[in-house]
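J.: I would like the atomic coordinates for the input below:
(chains A, B, C and D)
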There are 2 protein chains.
Amino acid sequence: MTQTPRGGLAAAVKRPQRADARRNFDALLTAARDTFAEQGTDASLEEIARRAGVGIGTLYRNFPTRQDLFEAVYFGEVEELCAAADDVADLPPWDALTAWLERFVQYAATKRAIIEALNRDSEMFTTAREAMYAAGTPLFERAQQAGEARTDIAFDDLLRMVSGLTAAGFVDDAQRERVLKIALDGVHT
Amino acid sequence: MTQTPRGGLAAAVKRPQRADARRNFDALLTAARDTFAEQGTDASLEEIARRAGVGIGTLYRNFPTRQDLFEAVYFGEVEELCAAADDVADLPPWDALTAWLERFVQYAATKRAIIEALNRDSEMFTTAREAMYAAGTPLFERAQQAGEARTDIAFDDLLRMVSGLTAAGFVDDAQRERVLKIALDGVHT
DNA sequence: ACTATAGCGGAGGTACCCCTCCGTTTCTAG
DNA sequence: CTAGAAACGGAGGGGTACCTCCGCTATAGT
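T.: Below you'll find the model as predicted:
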C-alpha cells in the first residue's frame, strides 16, 4: 500500500519533489478546494488551474483525473473532521455528539462534496466514509449507552439526516441551526 | 394578466392550436419533466428535444428560454401538490400534516427542482412557493392549535427541514422514511 | 557556473451545448 | 382537393470544457 503520512487515510497522489512544483501543487489544491466548495464537483478544471495561476498542463500532470484531484482535496477535509472527534471527547455524551455533528455541518455547509461522498461508491469515497464513521460512531454509541439518544436508529441514519439538513437551502444560518436543533430533538431521549 | 386555466398559477406559455403541434408540445413537456428529474435543472435542452422525438427548433419555438420550459413543467407539479392538501383535509390534524408532507416528499424525491425552487428568487419561483405555502400552512396551524405541533417554529422551518431530508441521499426508501419520522418526532408534541 | 532534467504552459483537436435561421413538410379551412 | 399558413427540424456559427503533446524554462546537484 501507499504510505499513509498522517491518519489512516492514504494519499492517492504524491507531493512533488522540486520546490516550484510543490508550490504549484499546493496552489492547485487550495484553488480546487475553494472552487469545489463554490461550484460543486462539476467545476471546470480549467478554471481551477486559472485560479491557481498555473497552466492546465500542470494540473493534469499532478492530478491525471478529476477523481485524483478530488481525492487529494477531500482526504484532507475528512481527516480534519475525524480529528475533531477527539476534541469533543471530554464533553458529556449528548453534548459531545451534537458538538461533533455541528462541526460536521460547518465543514459540510460550504463543502457539499463530503455529502455527495455519502453516496458515491468509488473506493476513495468508501474509505473516507469509513473514516468518518469510525470517528463518529463511538460518540453516538456513548450517547445511546448514557440513555441520551434513541436506540432504534443507526448512526448512519443520523449522519444522513444531518447531511440532508446541511445541504438544504436555508434563509440564514440561524434558521439552519434552529432546524437542526428540532431534528436532533427527535433523536434525543 | 394571462388566463389561469385551473388553479391560481398562471401558465407562462400557451398550448398550440394545431393537432401535430399540440402533440409535440406535450411530448416536450413530458420529456422535460423526466429529464429535469433525472439530471437536474441543468439538463441539456438538446437531449430533451431528442427524447421528445422533435427537433431542437421545435423546442425553442414552444419554449423560447430554458426558464419558460421550466415554468411550464413545474407549475403543473406544484398544482398537483397544492391539490393534495385538500385530499388530506379530513384526517386528524397531525396525520393530515404528515400525510401532506409525505406527499411533498414523494413528488420532490424525484423532482429536486421543487426543492431548488425554495431558494431561487425569480418571479416564477416566488409564485410557486407562495402557492405551496398557501396550501400547507393551514395544515400546520391546525396541528399547532390542536397541541400536536411545536409552536416555536415556523412552517417555513418545517418545509425546509423536509426538503433537506428529501434531497439527501439515502440507502433506500425505508431509511428515508425512518429518518423523516425521527425528524418529525422533533416537531410533534 | 553549468548542465541534465523535472517541470511548465498553452495551443489545438474533439466533443458538447446553446440558439438562430430558413428550406421543407404537414395540417386544416374552405 | 387544394392552397395558404403553421409548424417542423437540423445545419451551422459561436462558445466552453476536456485532455494531450511538445518546445521552452527553472531547478538542483556537481
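
J.: ok now do the residue nearest to A:Arg33 when sequence neighbours are not counted, which residues does it touch?
T.: The shortest distance from A:Arg33 to any non-neighbouring residue, by Cβ to Cβ, 6 or more residues apart in numbering or on different chains, is to A:Val73 (5.0 Å). Where C-beta positions appear, they are placed from N, C-alpha and C, glycine not excepted. Applying Cβ atoms under 8 Å, 6 or more residues apart in numbering or on different chains to A:Val73 gives the contacts A:29, A:32-33, A:36, A:113.

J.: if I look at A:Val73, how far off is A:Ile56?
T.: With distances taken as Cβ to Cβ, to the nearest Å, A:Val73 is found 17 Å from A:Ile56.

J.: One more: A:Tyr133?
T.: Relative to A:Ile56, and taking Cβ to Cβ, A:Tyr133 is found at 36 Å.

J.: Give me the next element, helix or strand, following the helix or strand hosting A:Gly57.
T.: Element membership of A:Gly57 [criterion: DSSP states H and E] is helix A:56-62. Going down the chain from helix A:56-62, the next helix or strand is helix A:66-87, by DSSP H and E.

J.: Can you give me the buried ones in that next one?
T.: A:67, A:69-79, A:81-82, A:84-85 (16 or more other Cβ atoms under 10 Å in any protein chain shown).

J.: quick one: contacts of the helix or strand following that helix?
T.: Counting by DSSP H and E, the element after helix A:66-87 in chain order, helix or strand, is helix A:93-110. If you take Cβ under 8 Å, 6+ apart as the criterion, helix A:93-110 is touched by A:37, A:77, A:80-81, A:84-85, A:88-91, A:114-115, A:135-136, A:139-140, A:142-143, A:145-146, A:148-149, A:158-159, A:162-163, A:165-167, A:176, A:180, A:184, A:188.

J.: So which of the residues you listed belong to strands?
T.: Among the contacts of helix A:93-110, none falls in strands (DSSP state E).

J.: Among those, name the ones in helices.
T.: Applying DSSP state H to these, the entries found in helices are A:37, A:77, A:80-81, A:84-85, A:114-115, A:135-136, A:139-140, A:142-143, A:145, A:158-159, A:162-163, A:165-167, A:176, A:180, A:184.

J.: Also within reach of DNA strand D: list those from the residues you listed.
T.: Applying Cβ under 7 Å from any atom of the strand to the ones in helices among the contacts of helix A:93-110, one finds that nothing falls near DNA strand D.

J.: Got a PyMOL select line for the buried ones in the residues you listed?
T.: In PyMOL, this line selects whichever of these come out buried by 16+ other Cβ under 10 Å:
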select buried, chain A and resi 37+77+81+84+85+114+115+135+136+139+140+142+143+158+159+162+163+165+166+167+176+180+184
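
J.: Considering only the ones in helices among the contacts of helix A:93-110, which also neighbour chain B?
T.: Contacts with chain B within the ones in helices among the contacts of helix A:93-110, as defined by Cβ under 8 Å from any Cβ of the partner chain: A:115, A:163, A:165-167, A:184.

J.: and stretch A:91-109, which residues are buried?
T.: For stretch A:91-109, the neighbour count (16+ other Cβ under 10 Å) marks A:93-94, A:96-101, A:103-105, A:107-109 as buried.

J.: what's the answer for stretch A:13-32, then?
T.: So for stretch A:13-32, counting by 16+ other Cβ under 10 Å, buried means A:13, A:24-25, A:27-29, A:31-32.

J.: ok, and what's touching the helix or strand bottoming out on mean pLDDT in chain A?
T.: Lowest by mean pLDDT, DSSP states H and E among the helices and strands of chain A is helix A:113-117, with a mean of 74. Helix A:113-117 has contacts (Cβ under 8 Å, 6+ apart) with A:36-37, A:40-41, A:70, A:73-74, A:77-78, A:81, A:107-108, A:125, A:128-129, A:163, A:166-167, B:168-169.

J.: And for stretch A:33-40?
T.: Contact partners of stretch A:33-40, identified using Cβ under 8 Å, 6+ apart, comprise A:43, A:47-48, A:51, A:70, A:73, A:76-77, A:110-113.

J.: please redo it, this time with the cut-off set to 6 Å
T.: Residues from elsewhere that reach stretch A:33-40 (Cβ atoms under 6 Å, 6 or more residues apart in numbering or on different chains): A:43, A:48, A:73, A:110-111, A:113.

J.: Return the members of these classed as buried.
T.: Burial by neighbour count, 16+ other Cβ under 10 Å: within the contacts of stretch A:33-40 this picks out A:43, A:48, A:73, A:111, A:113.

J.: hang on, the second one packs against A:Leu29?
T.: By that I understand A:Ile48. No - with contact defined as Cβ atoms under 6 Å, A:Ile48 does not reach A:Leu29; the gap is 9.7 Å.

J.: Just the pLDDT at A:Ala109, thanks.
T.: With respect to pLDDT, A:Ala109 scores 66.

J.: Please list the residues of chain A that sit near DNA strand C.
T.: Residues of chain A that fall close to DNA strand C, judged by Cβ under 7 Å from any atom of the strand: A:16-18, A:20-21, A:23-24, A:53-58, A:60-62.

J.: Closest to chain B out of those residues?
T.: Chain B lies nearest to A:Ile56 out of these, by Cβ to the nearest Cβ, at 23.0 Å.

J.: Could you pick out the residues of chain A near DNA strand D for me?
T.: When proximity is defined as Cβ under 7 Å from any atom of the strand, chain A approaches DNA strand D at A:18-20, A:44-47, A:56-57, A:60, A:64-66.

J.: which one of those residues is nearest A:Ala154?
T.: A:Arg66 (31.8 Å; Cβ to Cβ).
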